[in-house]
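J.: below is the sequence, then the predicted model.
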Amino acid sequence: MNRQELIRDIKKECGAFPNTSQLAKYMGMSRDRVRAEIVTGLEYIKTGKSKQYFVNDIADAILRQRAM
């Protein structure tokens, strides 16, 4: 899966600004693992108690993790 396909798939399942709970459900991971491995260091939008992340940044982080 390339970057564009990954972005489209995440947008379809979670929207353009998913939070950690949505990502955890999408990826089949725990929220703690998503926080530790995917969203650490990414910029976010704080909405109430939730932090929403930009889907392009998430896709880049996932691809970086896969390359390791």
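T.: It's in.

J.: so residue 21 touches residue 32, yeah?
T.: No. Counting by C-beta atoms under 8 Å, residue 21 stays clear of residue 32, with 11.4 Å between them. Just so you know, the C-beta spots here come from the backbone N, C-alpha and C atoms, and that holds for glycine as well.

J.: neighbours of residue 19, how many?
T.: 20 (other C-beta atoms under 10 Å).

J.: quick check: mean pLDDT of the helix or strand hosting residue 34?
T.: In the assignment (DSSP states H and E), residue 34 maps to helix 31-34. On average, the pLDDT along helix 31-34 is 96.

J.: for it, buried residues please.
T.: Within helix 31-34, the residues scored as buried using 16 or more other C-beta atoms under 10 Å are residue 34.

J.: need the phi and psi values for residue 44.
T.: Main-chain torsions, residue 44, degrees, to the nearest 10: phi -140, psi 160.

J.: could you pull out the helices for this structure?
T.: Along the chain, counting by DSSP state H, helices occupy 3-14, 20-27, 31-34, 55-67.
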